[in-house]
Every structure is written in C-alpha cells, then in structure tokens.
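> Fold the following.
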Amino acid sequence: MCKSRSAPATTKRNGTKRKATRTEKPDRTAPSADGQPENLPETREGTETQELQAPVDENEVPLLPRKRVCGQRLLWTRPDSLDHHGVWREDDVDLKASFQTLERSVCTWTNAYCHREPGLKRRLSASEIEVVLDGLGGFCLYKDWGSIEKRLDEKGLNNFWIWLPSAVLMKHLFEDVIANPFVYVKGDRTNDQSSMGPPGLGQELYELWQKLVKVDPARATVWRTTTTQLLNMVHPEHTNDWKVACQTGEAKESLANNLATGMLAECKALQVLLQEVTDPDTTKKRYEALVEVYRVAIDITVYIGTVKTEFEFQLDVNRCGPYLHRLRRVRKQGCSDENLPDKWPVPVLLYIPLVATRRIATSLDVECCKTEREDFWQAHESDGNPDLQKQLDDEIPEMGFKLAHAAVVSSVLVFVKGQTDEVVIFLCGWTQCLLVSVWVLMLGFILLLLCLSPCIAVGHVPRYVYPTTPHYYFTKWLV
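Residues are numbered from 1 along each chain as shown. Model (predicted):
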C-alpha cells in the first residue's frame, strides 16, 4: 500500500538531516485512481511552517509520479518531457498532441459557455464589439467593426464570429502562459497584481531570459533548461530535495486556478461573449473546465521550458502574413527579422498563432552553407547576369534558409476577401499535414525513380543552407 506522508529524515555524519535515499527500481510510480492520487500531494498546516506531502513507498521514499491525465491536478505529476528513468527528452509527437488537446479544450469550453455563431453580432452592441476587439490586441488587424466588415466576405465573416470567443481565450493562453517558461515560478514575497497575470518573479525571470538571449543564445538556452528542469525534477533518484518539485506543482495548480478566476472576473472581452449562467452547478462546471484548459497550457509551458529547442510564437496578426508566405528566413544574432516580402495575404483575425522552432547551427551547417553557395556561383558564373550576387543571396541566403516541417501548431487565421484561395492550406490544420504528407510521398517516389535511372547525373543532391556562424539561429518552419 502506498502512503501519503512526508519522507522521513536520516542523519548525516555532520549531524544535519537529509531525506531517505531511494532503494526501489526507478519505474515505480505513484498510483493514479481516476486521474488523481488520493489525497496527494497536499499541504498540512503547522504551527509555524507548512509541511509538503508526497506519496511514498514502503521505504518511506517519495514515489515517481505518473504523467498528468485529463482532470488531474498539477500538484504531483511528471512532465511530458521527463521519462520514468529521470531523463529529459524531446518528442514532437507529444508536443503536437498537447497542442491538439489545448485546441480541443478551448473549442469545447467556448462551445459550451460562449455565444459562438455567425449571428453573434446581433447580440452585441457597438460598445460591446469595441470591447472585444480591444481585448484581442494583436490577434485582430482592426479595432473597429466597420473596417472588418469591409475586408471580409460572407464566409470570412462567419468564420470570424465562430472563432472570436476562442481567439479571445487563445490570446491569453499564449501570451500569458505558453510563451513564458517561468510563468508558474512564485517568489516568497506576495505583491498586489491582477489575477490574470503571472507571478511577479515568473515575469521577472522571463524578462531576464529575454535579455540573456541577446547576449549569448546558446548559454541562455542552457540557463533556461537547467532552471526549469531543476524546478520540475520529480524523479526521486535525480533530486536531493523533492519538496522543490512539490512546491512547483502547487504553484502551477494555484496559477491555473488564479488565471481561470481572473479570466471570468476581469476579462471584459470574454464576459461580453459568455452565455448567462444562473445554475450554481453549471457555474462550477464552467470554472472547473476553464481551470483544466489552463492546466493543459501550463503542461505545454513546462515542456517548452525544459527542452533544448527554442520556440518562436508569432502573436501579432500583422506579422503572420509575411511569415507564412516568405520563402526564406534570415536571423542574425541580436538582430530583428529582415527582408520581409513586399506583398502577402492580409490576415484579419488570428485564432491559432504560428509556432516555429529553431536551433543553434553547427560548424557542419556552416560548411554546408559555404559549399552550397560556391556551387551555385560556379554553376551560374557564365550566365552573364550582372545581379548574380543578389540572385545568390536570394536563392541561398548567408544567414538562414527555410526548412519546412509538419506543424507543431498549424496557424488558423481569417483572411481578407479575395485572398482565401491563396492561403486555404493554412486554414486546414490537419488537412494541411495530410496534403503535405501526400505531396512528400509522391515526391519521394519520383526521386526514387530518378535515382534508379542510369541516365541521371550524380552530385546534384540539394542541401539545406544554414547560418554562417555557430551563434546564429536556424529556424525550422512549421507551416
């Protein structure tokens, strides 16, 4: 039988206290009944201090918790990026599944508790529409309904009203939670702040991390991953103080509840869109379902914070258009993005933002880039093109190259009328992935036939191009 209590202390040689060491196999995990270990973990009020509790085995050693399931609290759970051996790992499949879960949770919640139909406009006054548009911030191109109505056709208007409540909630989930890997970190001091915002220390750590990235991206990544991994290390054999992870779990659960409370009580844009609820049971279910939405978002935040990959979130509708349609990505250390295209379809409403990943280029990447540029120059040097250097920089940029992958998050937007056909693939989510997969299979089959042909010339296999120094970021496109 598993017990619910704090682990006993033993005495070191110097007389100080330490926790009992782990003697069981590393795959021993805490039982999960209906998605939540019974009464665990929780706090017990003492006269002076608050003692943390955790499930323990017969040797009085805390058990390794299981991964969180739907409806389970965040108190004593294992992050998706931590395996049962205590090793931090990355898995795009897990991350995609988490974002899918988030989208389903948001849609389910807004369908159940928000006005969400094309006729929603008739329910709202002009002042209420203005409140909603202001609340969307960078997720909406315009702040007045007249401009939106002029730029969208009938289908676009229908999608606008259908996705509007979800867009309001998604904005807060991405801006306030997912984009900040330290969002759940609480300090010892309490301060007056809105319940819709993260703890003060978590916000300060985020701002510090952003500064460190400009100084040295590689070392800033190490700092971020080390900090978040230490805070979330629940594996008994890889921590000397399991109470830290237990406190982190409490902070995450508290944050989910506070943010849900703040959204319902303080977010005017959401209040305008909510259905009237008078039944106490329905009110309770609405709150609990919103807390679960924030739990899913916090799970994603923990994953993103504890892995080495860096993530980019395009949370401004003005930036999504060029990012979706530019052919190449250029990013230099400490500099902003450059060379955006002159023309692109204009998104009006951002429902699900674009998420991209990047990694630090290696010396091998640098060498591949140089070789590719040299080959291109030699192949076109005799063409007599006076703008050959410009063509080279356009075709094979020195600083980066677009590399298409299956989306972690497929961007979903409402575009202006007359441009829907150009960007329909970006509105299809998983349909996009299916079409890309079919295209890749067909291309692979054609390449296989060409490789088997005796007439094919050797030595023309295309190579990806990377930044020219190990300190430049290389962006993998996820659209």
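> which stretches of this structure form strands?
Secondary structure of the chain (DSSP state E): strands at 3-5, 9-11, 17-19, 43-45, 50-52, 54-56, 310-314, 347-352, 354-360, 403-404, 412-415, 473-477.
> now the stretch 251-400 of the chain, which segments are flagged as low pLDDT?
Applying pLDDT under 70 to the stretch 251-400 of the chain flags residues 320-345, 359-363, 365, 397-400.
> could you redo the last one with a cut-off of 50?
Where the stretch 251-400 of the chain drops to pLDDT under 50, the residues are 325-342, 399-400.
> all helices of it, in order?
268-273, 280-306, 317-325, 363-380, 388-395 (DSSP state H, counting those that start in this stretch).
> so can I have CSV of these showing mean neighbour count and distance to Asp57?
In short, each C-beta sits where N, CA and C put it, glycine included. Listed next are the helices of the stretch 251-400 of the chain as CSV, based on neighbours: other CB atoms under 10 Å; distance: least, CB to CB, whole Å:
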stretch, mean neighbour count, distance to Asp57
helix 268-273, 19, 44
helix 280-306, 20, 25
helix 317-325, 19, 50
helix 363-380, 15, 46
helix 388-395, 14, 61
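> Mind putting the ones you listed into CSV with distance to Phe99?
Rendered in CSV, the data for the helices of the stretch 251-400 of the chain read as follows (distance: least, CB to CB, whole Å):
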stretch, distance to Phe99
helix 268-273, 21
helix 280-306, 7
helix 317-325, 17
helix 363-380, 28
helix 388-395, 33
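> of those, which approaches Glu58 most closely?
When the helices of the stretch 251-400 of the chain are compared by CB to CB, helix 280-306 sits nearest Glu58, at 29.9 Å.
> what's the angle between the closest one and strand 354-360?
20 degrees (axes from the mean of the first three to the mean of the last three CA atoms, to 10 degrees).
> unless I'm mixing things up, Gln203 is touching Asn180, no?
Yes. Look at Gln203 against Asn180 with CB atoms under 8 Å: they come within range, at 7.2 Å.
> With neighbour numbers in mind, choose between those two.
Asn180 (22 against 17; other CB atoms under 10 Å).
> Let me know how buried the closest residue in space to that one that isn't next to it in sequence is, in neighbour terms.
The shortest distance from Asn180 to any non-neighbouring residue, by CB to CB, 6 or more residues apart in numbering, is to Tyr206 (4.6 Å). Neighbour count of Tyr206, defined by other CB under 10 Å: 17.
> I'd assumed Pro181 was in contact with Tyr206.
Yes. The pair Tyr206 and Pro181 passes the contact test of CB under 8 Å, sitting 7.3 Å apart.
> which ones are touching the residue nearest to Asn180?
Tyr206 makes contact with 180-183, 198, according to CB atoms under 8 Å, 6 or more residues apart in numbering.
> repeat for His235
26, 64, 78, 82, 84-86.
> Now it, what are its backbone angles?
Main-chain dihedrals, His235, degrees, to the nearest 10: phi -80, psi 120.
> ok, now how distant is it from Lys390?
Computed as CB to CB, to the nearest Å, the His235 to Lys390 distance reads 54 Å.
> I'd like the distance between the residue nearest to Asn180 and Ser81.
Counting by CB to CB, the gap from Tyr206 to Ser81 is 19 Å.
> Rebuild the contacts of Tyr206 as CSV, extending it with distance to Lys268.
Shown next, in CSV, are the contacts of Tyr206 (distance: CB to CB, whole Å):
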residue, distance to Lys268
Asn180, 23
Pro181, 28
Phe182, 27
Val183, 22
Pro198, 20
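> Widest-spaced pair of these?
So, those by CB to CB: farthest apart are Pro181 and Pro198, at 10.9 Å.
> Count the residues that sit near the closest residue to Ala245 other than its chain neighbours.
Of all residues not flanking Ala245 in the chain, Val234 sits nearest, at 4.4 Å (CB to CB, 6+ apart). Val234 is flanked by 24 other residues according to other CB under 10 Å.
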